[in-house]
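Enquirer: kindly return the folded structure for what I paste below:
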Amino acid sequence: VNNANKIAEQKGVSGHCTFTVMDAEKTEFADNTFDIIHEYGALHHLCLESALCELSRILKPDGKVVCTEALRHNPIIHYYRGKTPHLRTQWEYEHILGYPEIMLGRKYFTHINVHFFHLASLAAVSFRKTSVFPAMLTMLEKVDDLILRIPYVKLMAWVAVFEYKGPLNK
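Expert: Purely as a prediction, here's the structure:
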């Protein structure tokens, strides 16, 4: 947090952003504080109901929350997570979000938009230290662009980026 505040000052944006530590389920921010909130991989560490309620409370009526979270639905990715316990806590392993948890946001927001990423492109990971990696990744990302439009297939993605708008608890 200290480093982030220093960098913000060095970049001349400290008047527009501040980094602090507090309880994400019960922040000290006033109602309707933020135009945009970005969350990256933290929701599955929290009580989801409490976190979504709080995000809705502190978001301005015309604001948006953008979240990036890993998904739990792909059995191969789930198997990998189980075989690499040193990379995450047991809590994290057991609470990775699924589509139903993302859609729980309907209780707190009027609009949810979900995008899915990284399915075919995961095949490029084992080539990341080779010269073919950039071209392979580009090609597989194009495959992802097509297959992740298919209703059931998109749930097999590694990551979802979702946007909540229209906070309901105003």
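Enquirer: longest strand of this protein?
Expert: Using DSSP state E, we find that the single longest strand of the chain is strand 59-70.
Enquirer: residue 135: helix or strand, and which one exactly?
Expert: helix 133-147 (DSSP states H and E).
Enquirer: how about that helix: buried residues?
Expert: For helix 133-147, the buried set under the neighbour-count rule, 16 or more other CB atoms under 10 Å, comprises 136-137, 140, 144. Placement of C-beta: from N, CA and C, glycine included.
Enquirer: report the distance from it to the chain centre.
Expert: Chain-centre distance of helix 133-147: 21 Å, with CA atoms, centre = their mean, to the nearest Å.
Enquirer: number of nearby residues for residue 165?
Expert: 17 (other CB atoms under 10 Å).
Enquirer: okay, the angle between the helix or strand harbouring it and strand 59-70?
Expert: Secondary structure from DSSP H and E places residue 165 in strand 159-167. Per axes from the mean of the first three to the mean of the last three CA atoms, to 10 degrees, the angle that strand 159-167 makes with strand 59-70 is 170 degrees.
Enquirer: next, the buried residues of strand 159-167.
Expert: Across strand 159-167, burial judged by 16+ other CB under 10 Å covers 160, 162-167.
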